[in-house]
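> quick one: sequence plus predicted model below, questions after.
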Amino acid sequence: MVTLTDLDINELLRRNGLDENTIQEEVVAELAKKGRRVATAESCTGGLISERITRVSGSSAVFDCGVCSYANSIKEKVLGVHPETLAVLGAVSAETAIQMAEGVKRLSGADIAVSTTGIAGPTGGTEEKPVGLVFVGVCTDTEAYAVRLMLGGTNNIVNSRDYIRRKASEAALFAVLSELKK
């Protein structure tokens, strides 16, 4: 599984000519151009990805829904995350992120679904799952996968909740854009 840091995300955006403050505009434009739709399932980002997408004029043509599934019970009931996954691997895992993305894709009928689950801090981390660990799940018609993020350890912003949530949303938006450009 690929692991990205906040510096990796910054580099990916830079290399692709994207701005961290306007990436959502590129996502909406590309979705519209390709006639595709997106849906989100968010835990640690708490709706930030949905907010960034719907901030863009014209997003109603390409955005199906966003589920803010902060509680495990919502991950199970609404998104269909397996109780065994949550019990054995926990809410912060690649498998949970994938099942969240699959669930919101199934629920919405969108072409692409993206999810986030992680520990935004500043508390709640453990040695095994530290603050800044986030998984981004992606589900399309042909594949489902997760990307592991280790955020907040650079730029003197260790354990900054807002920073971790922001970088996770950028990574999720970049994942959607990458799928659209395949």
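Now that the structure is in, tell me what you want to look at. Numbering: from 1, shown residues only.

> give the helix, strand or coil label for the nearest residue to Ala110 once chain neighbours are set aside.
Here the nearest residue to Ala110 in space, its sequence neighbours aside, is Ala39; by C-beta to C-beta, 6 or more residues apart in numbering that works out to 3.8 Å. For glycine as for every other residue, the C-beta is placed from the backbone atoms N, C-alpha and C. What DSSP: H, G, I helix; E, B strand; the rest coil gives for Ala39 is strand.

> beta partners for Ala39?
Cys65, Ala113 (DSSP bridges).

> next, count neighbours for it.
26 (other C-beta atoms under 10 Å).

> that one against Asp64, yeah?
Yes - assessed by C-beta atoms under 8 Å, Ala39 is found in contact with Asp64 at 4.4 Å.

> so for these two, which residues contact both of them?
108, 110 (C-beta atoms under 8 Å, 6 or more residues apart in numbering).

> for the residue nearest to Ala110, give me its contacts.
63-67, 104-105, 107-108, 110, 112-114.

> please repeat the previous calculation with a cut-off of 10 Å.
50, 53, 63-67, 101, 103-115, 139 (C-beta atoms under 10 Å, 6 or more residues apart in numbering).

> any of these buried? List them.
Neighbour counting by 16 or more other C-beta atoms under 10 Å classes 50, 53, 63-67, 101, 103-105, 107-108, 110-115, 139 among those as buried.

> among those, which ones are in strands?
63-67, 112-115, 139 (DSSP state E).

> for these, which one is nearest Leu133?
Ser115 (14.7 Å; C-beta to C-beta).

> and that closest one, what pLDDT?
With respect to pLDDT, Ser115 has a value of 98.

> next, Glu127: phi, psi?
phi -60, psi -40 (degrees, to the nearest 10).

> residues near it, how many?
5.

> go on, Cys68?
So Cys68, with other C-beta under 10 Å, has 17 neighbours.

> contacts only, for it.
Contacts of Cys68 (C-beta under 10 Å, 6+ apart): 40-43, 45-50, 74, 78.

> rerun at 8 Å
So Cys68 contacts 42-43, 46-47, 50 (C-beta under 8 Å, 6+ apart).

> show me which of those are buried.
Counted by 16+ other C-beta under 10 Å, these give 42-43, 46-47, 50 as buried.

> tell me where the chain has strands.
Under DSSP E, the chain gives strands at 3-5, 38-42, 63-68, 112-118, 133-139, 144-150.

> relative to strand 112-118, how tilted is the last one?
Relative orientation of strand 144-150 and strand 112-118, computed by axes from the mean of the first three to the mean of the last three C-alpha atoms, to 10 degrees: 40 degrees.

> re earlier: of the ones in strands among the buried ones among the contacts of Ala39, which is the nearest to Val131?
Closest to Val131, out of all of those and judged by C-beta to C-beta, is Ser115, at 19.3 Å.
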